[in-house]
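*Asks:* Just to be clear, the model below is a prediction. Sequence and coordinates:
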Amino acid sequence: MAIPRVDISQEIADWQAAVYGEEVRSANVSALTKLQTQMNNACDGIETAQTDVATAVNTANAASATANQASSDAQDAIDDAQAAITTAQGYAANAEGSAQAAAASATAAQTAQTNAQTAQLAAEAAEQAAEDAARQAQIAINITPDEETIHHASDAVGTISAITYTLEEIAAMTDPSGKIPDASAVESLRESLSNSLEWKLLASQQGSVPVSLPTSWNELNIVIQFPWNSIYGDSFLIQRSHVGNANPHRYSHGYYNTASDAGAWSFEAANGQVMLLSCVRNGAEQVANAIMLIYYR
């Protein structure tokens, strides 16, 4: 903040021009009052700047402390992983007479090594975050904080939070018994989740014919292809809760481009089935040639 210059040239001129005692006193009072006001304003500005700088330093110190804690947590994870490796090596030494026990120990050692590498990467990320926080601290000391400085500090804290969350995920990989989850079980879970999100084609039905729905599904995606132009169509996304009752739930839609190009279509879903009801263009029913594609997941 620029400190305003003291300008009492007018008061000095009045003082020089004063003839009577009352005029002299008035010029003196005016000059001294202006000096006092401008000096007080300058002091207030300096105190405000000092407060802003102190706040920036405190913020930077807090970010640096958080980064140091993240680095310490990463080192703890590395130490735990090294202990797991040592334990696994002990199991392997004691299981020389059993091929099955030796294989299990080797698997545990490999998994622990992988966890140690992950923890090392997290530690390196924490160190980088600490460097970034220190750089931001230096910036905060040299300038009054603005929106960009605050934004960078928030990014640093967000990065550290992400590192902490990753370390928690690493810790969660070990169950209370101290065993690492079986790789096949993890793959089975991944495949199950993937299958539950993948759309599957149930049927491609032409005309107004009911199509039975599968026993297990959560969402339907109904695609209607127009008989007058196969490259155009419409689609509807339906939740299972919409068709879980005995009363049919009817869906319809339409369009209007010109008087000679307008259409509408509808279908219903209920009692475990869906059926195309109508597909009209320019007043002519063409449902017999329309195609309804039913996808589910």
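*Replies:* Nice, thanks for sending it over.

*Asks:* quick check, residue 201 in a strand?
*Replies:* Yes - remark: residue 201 belongs to a strand, assigned using DSSP: H, G, I helix; E, B strand; the rest coil.

*Asks:* Quick one: neighbours of it, just the number.
*Replies:* 11 (other CB atoms under 10 Å). (C-beta placed from N, C-alpha, C; glycine too.)

*Asks:* Next one: it from residue 289, what distance?
*Replies:* In this structure, residue 201 and residue 289 are 20 Å apart, going by CB to CB, to the nearest Å.

*Asks:* Likewise for residue 191?
*Replies:* 40 Å.

*Asks:* neighbour count winner among those two?
*Replies:* The neighbour count for residue 191 versus residue 289, taken as other CB under 10 Å, is higher for residue 289 (13 against 10).

*Asks:* hang on, isn't the more buried one packed against residue 227?
*Replies:* Yes - judged on CB atoms under 8 Å, residue 289 makes contact with residue 227 at a distance of 3.5 Å.

*Asks:* Name all residues that sit in contact with the two at the same time.
*Replies:* Common neighbours of residue 289 and residue 227 are listed as residue 279 (criterion: CB atoms under 8 Å, 6 or more residues apart in numbering).

*Asks:* can you pull the contacts of the closest residue to residue 12 other than its chain neighbours?
*Replies:* Nearest non-adjacent residue to residue 12, counting by CB to CB, 6 or more residues apart in numbering: residue 31, 6.8 Å away. Shown in contact with residue 31 (CB under 8 Å, 6+ apart): 8, 11, 12, 15.

*Asks:* tally of neighbours for residue 264?
*Replies:* 13.

*Asks:* now it: how far from residue 68?
*Replies:* 66 Å.

*Asks:* swap in residue 74?
*Replies:* Computed as CB to CB, the residue 74 to residue 68 distance reads 11 Å.

*Asks:* What of residue 110?
*Replies:* 32 Å.

*Asks:* before we move on, what about residue 113?
*Replies:* Residue 113 is 27 Å from residue 68, where distance means CB to CB.
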